[in-house]
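Q: Let's see this in three dimensions:
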Amino acid sequence: MASNSLWPRFQKYFLRYDDLDFSIDISRMRFADGFFEEMRPFVEKAFAAMRELEAGAIANPDEQRMVGHYWLRDSRLAPTAELRADIDETNKRIKSFAAEVHAGKIAPEKGERFKHVLLVGIGGSALGPQFINDALGRANDPLDIYFLDNTDPDGFDRVFDRIGDHLAHTLTVVISKSGGTKETRNGMLEAAARYEKAGLNFGKHAVAVTGVGSELDKHAEKNGWLTRFPMHDWVGGRTSVMSAVGLVPAALQGFDIDQFLAGAAAMDAKTRAADPSQNAAMLLALMWHYVGNGRGEKDMVILPYKDRLMLFSKYLQQLVMESLGKEKDLDGNVVHQGIAVYGNKGSTDQHAYVQQLRDGVLNFFVTFVEVQEDRGSARFEVEEGVTSGDYLQGFLRGTRSALYDSGRESITITIPEVTAFYVGALIALYERAVGFYASLVNINAYHQPGVEAGKKAATRVLELQGRVKGILSASPEKTPEEIARELSADPEDVFHILRHLKAND
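A: Have a look, this model is predicted:
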């Protein structure tokens, strides 16, 4: 064996869970052998914080909330009997509702069966279901799915154009914890108008996933919607895919939600190991800390070599960046933490930005996601003895080696196949890694003050627009500067409002 072989390092830093057929390889990260020992005090603190979180401690101090997404896949962990019963009963109701929809017992207003789902949500209320759909969806699913995940009118029109004449057989699921999220509210109103225009009662085609007693909860009850499923204040949007947020659309599409939850629970059990060398989530968190010097100095590039996992990078953008992108730490110090995430899929990216990864600015690290099974159908050879899947594997390994030879570091995660179980396991792995990393750098991973600031700023712009329109109705000849002076507003804001009104009036 060559003296410069990486085999000894691979043997030392390759972790495999035999019973899960899962592995993580950090041997292509160039940390020193003493790194784990240096990080030991921080690791022990992170393990303790996670134990307290799972036991029901207030893990989101800014909002004085528990953080309970781990209980969703194993209700036995919930700190009270009431919470355990709530989780179990909700899951039972979801499966029963989906079964009755599939059997035609819950049917559209004008008969036959529901054939399509329209999901209205934004952020975690849409990204999770979108990822699950893209990863697990197949041609023979009982229902297919469409998404309204923004407040773009043209986007609404495009979705409804695709639904076309099938609206009468479309079940709409509206997801909003508070019921006050404007993007989701707008999508709901646009959907309701489409149903009404088609001569259909929206309520007889609608389901709500929302907080108990929220605006949406009250609206759905008042208007006779088919049913309502709960969202809990101890589950954040970006970790909600294993609550009713993700389970309702998944069950309607015919996915095995029990296996989805089981995969997450199995990964949770493995990543509670107190030895960091045997804990895949802690290994991820430590590698993020090492490569970015604990300050997010390098971007996280996610490269899954499987088309079904193309949206995984988009899903992780929210999970990682909304959780870790924080101005202040838990002690109130300004730290500007965060890790930027981007990616698409291999080997497509080898014909796109991998060129820069290989030869350009070194401001990133790569995570390869490998899926061992090539396809579920019969083997097909594109050359004698070689399949398309062989090429995919070759490109993954070749790119990994080429990057390392050029001083670029990478992590490789391997799963055997893309199933509900393994998608659940991947999500659970990264959820816990995010929690661990947040503890390592002493931030709150479970709030989002920057998002709230953006919402408040948008509200102020809309309020100003109403005042501008009031002046225009009386004095349409006034200039932006004159209107701004009259309203004591920023002339630039007024200018952009006027331009928007002109384009759409």
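Q: Would you mind giving me the confidence score for residue 351?
A: We have a pLDDT of 81 for residue 351.
Q: just residue 354 next, same as before
A: Residue 354 is given a pLDDT of 89.
Q: Got the phi and psi for the nearest residue to it once chain neighbours are set aside?
A: In this structure, residue 354 finds its nearest non-sequential neighbour in residue 399, 6.3 Å apart by C-beta to C-beta, 6 or more residues apart in numbering. Bear in mind the C-beta positions are built from the backbone N, C-alpha and C, glycine included. Per-residue torsions, residue 399: phi -70, psi -40 (degrees, to the nearest 10).
Q: Check the burial of residue 399 by counting its neighbours.
A: Around residue 399 there are 23 other residues, counting by other C-beta atoms under 10 Å.
Q: Show the contacting residues for it.
A: Neighbour list for residue 399: 303, 346, 347, 350, 354, 368 [criterion: C-beta atoms under 8 Å, 6 or more residues apart in numbering].
Q: can I assume the first one sits in a strand?
A: Going back to what we said before, that points to residue 303. Yes: the assignment for residue 303 is a strand, going by DSSP: H, G, I helix; E, B strand; the rest coil.
Q: can you tell me how far residue 321 sits from residue 339?
A: Per C-beta to C-beta, to the nearest Å, residue 321 is found 7 Å from residue 339.
Q: Residue 21 is in contact with residue 416, isn't it?
A: Yes: using C-beta atoms under 8 Å as the test, residue 21 is close enough to residue 416 to be in contact (4.5 Å).
Q: who touches both of the two?
A: Here residue 21 and residue 416 have residue 372 as joint contacts, going by C-beta under 8 Å, 6+ apart.
Q: What residues sit buried inside the lowest-mean-pLDDT helix or strand in the chain?
A: Within the chain, confidence by mean pLDDT, DSSP states H and E is lowest for helix 449-474 among all helices and strands, at a mean of 89. For helix 449-474, the neighbour count (16 or more other C-beta atoms under 10 Å) marks 464, 465, 468, 472 as buried.
Q: Helix or strand next in line after that helix, which one?
A: helix 480-487 (DSSP states H and E).
Q: Helix 480-487 and the helix or strand just after that next one, what's the angle between them?
A: Using DSSP H and E, the helix or strand that follows helix 480-487 towards the C-terminus is helix 491-504. Orientation of helix 491-504 against helix 480-487 (axes from the mean of the first three to the mean of the last three C-alpha atoms, to 10 degrees) gives an angle of 120 degrees.
Q: from what I can see residue 343 touches residue 305, true?
A: No: Residue 343 is beyond contact range of residue 305, at 11.2 Å (criterion: C-beta under 8 Å).
Q: per-residue pLDDT, the residue nearest to residue 354?
A: pLDDT for residue 399: 95.
Q: how much space between it and residue 350?
A: Distance from residue 399 to residue 350, by C-beta to C-beta: 6 Å.
Q: ditto for residue 418
A: Using C-beta to C-beta, residue 418 is found at 20 Å from residue 350.
Q: More neighbours: those two, which one.
A: With other C-beta under 10 Å as the criterion, residue 418 and residue 350 differ in neighbour count, and residue 418 comes out ahead with 20 against 17.
Q: does the most centrally placed residue in the chain sit in a helix, a strand or a coil?
A: For the chain, the residue sitting closest to the mean C-alpha position, by C-alpha atoms, centre = their mean, is residue 315 at 3.6 Å. Following three-state DSSP, residue 315 is assigned to helix.
Q: List the contacts of it.
A: By C-beta under 8 Å, 6+ apart, residue 315 lies in contact with 127, 128, 130, 131, 427.
Q: Quickly name whichever of those is closest to residue 119.
A: Residue 119 lies nearest to residue 130 out of those, by C-beta to C-beta, at 8.3 Å.
Q: What count of nearby residues applies to residue 363?
A: 12.
Q: Same check on residue 275?
A: Residue 275: 9 surrounding residues under other C-beta under 10 Å.
Q: for the one 5 residues further on, same thing?
A: A count of nearby residues for residue 280, using other C-beta under 10 Å, gives 25.
Q: Look at it and report its pLDDT.
A: With respect to pLDDT, residue 280 has a value of 99.
Q: With residue 3 instead?
A: As predicted, residue 3 sits at a pLDDT of 43.
Q: cool, and residue 345?
A: 94.
Q: Show the backbone phi and psi for the spatially closest residue to it that is not a sequence neighbour.
A: Of all residues not flanking residue 345 in the chain, residue 310 sits nearest, at 4.6 Å (C-beta to C-beta, 6+ apart). Per-residue torsions, residue 310: phi -60, psi -40 (degrees, to the nearest 10).
Q: which residues does residue 310 contact?
A: 134, 304, 344, 345 are the contacts of residue 310 under C-beta under 8 Å, 6+ apart.
Q: I'd guessed the last one sits against residue 304; true?
A: Yes: at 5.5 Å, residue 345 counts as touching residue 304 under the criterion of C-beta under 8 Å.
Q: In terms of neighbours, single out the busier of those two.
A: Between residue 345 and residue 304, residue 304 has the larger neighbour count (other C-beta under 10 Å), namely 27 against 19.
Q: Next, the contact list for that one, please.
A: Neighbours of residue 304 in contact, by C-beta under 8 Å, 6+ apart: 310, 312, 313, 343, 345, 346, 368, 369, 371.
Q: Grab the nearest non-local neighbour of the second one.
A: In this structure, residue 312 finds its nearest non-sequential neighbour in residue 304, 5.3 Å apart by C-beta to C-beta, 6+ apart.
Q: ok, which pair from the contacts of residue 315 is furthest apart?
A: Distances among these were taken as C-beta to C-beta; the most separated pair is 130 and 427, at 13.1 Å.
Q: higher neighbour count, those two?
A: residue 427 (27 against 19).
Q: any idea how far the more buried one lies from residue 266?
A: Residue 427 is 12 Å from residue 266, by C-beta to C-beta.
Q: Same check on residue 38?
A: 31 Å.
Q: what about these two, which has more around it?
A: Remark: of residue 38 and residue 266, residue 266 carries more neighbours, 21 against 12, as counted by other C-beta under 10 Å.
Q: would the more buried one count as being in a helix?
A: Yes: counting by three-state DSSP, residue 266 is located in a helix.
Q: Just give me the neighbour total for residue 426.
A: There are 24 residues near residue 426, going by other C-beta under 10 Å.
Q: start at 54 instead
A: Taking 54 as the first residue, the last one we looked at is residue 479.
Q: Got the domain ranges for this protein?
A: The chain is divided into the following domains under automatic domain parsing: 60-113+314-429+439-494, 122-304, 502-557.
Q: Lowest mean pLDDT across the ones you listed, which one is that?
A: Looking at the domains of the chain, the bottom one is domain 502-557 with a mean of 91.
Q: what's the first-to-last distance across it?
A: With C-alpha to C-alpha, to the nearest Å as the measure, domain 502-557 spans 32 Å from end to end.
Q: cool, and stretch 150-164?
A: Criterion C-alpha to C-alpha; first-to-last residue distance in stretch 150-164 is 17 Å.
Q: Name the residues that touch it?
A: In contact with stretch 150-164 (C-beta under 8 Å, 6+ apart) are residues 165-167, 195-196, 221-224, 253-254, 257-258, 260, 279-280, 301, 304-305, 307.
Q: Can you list which of those are found in helices?
A: If you go by DSSP state H, the contacts of stretch 150-164 have 301, 304, 305 in helices.
Q: would CSV of those with neighbour count and distance to residue 443 be doable?
A: Shown next, in CSV, are these (neighbours: other C-beta atoms under 10 Å; distance: C-beta to C-beta, whole Å):
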residue, neighbour count, distance to residue 443
301, 27, 39
304, 25, 36
305, 25, 37
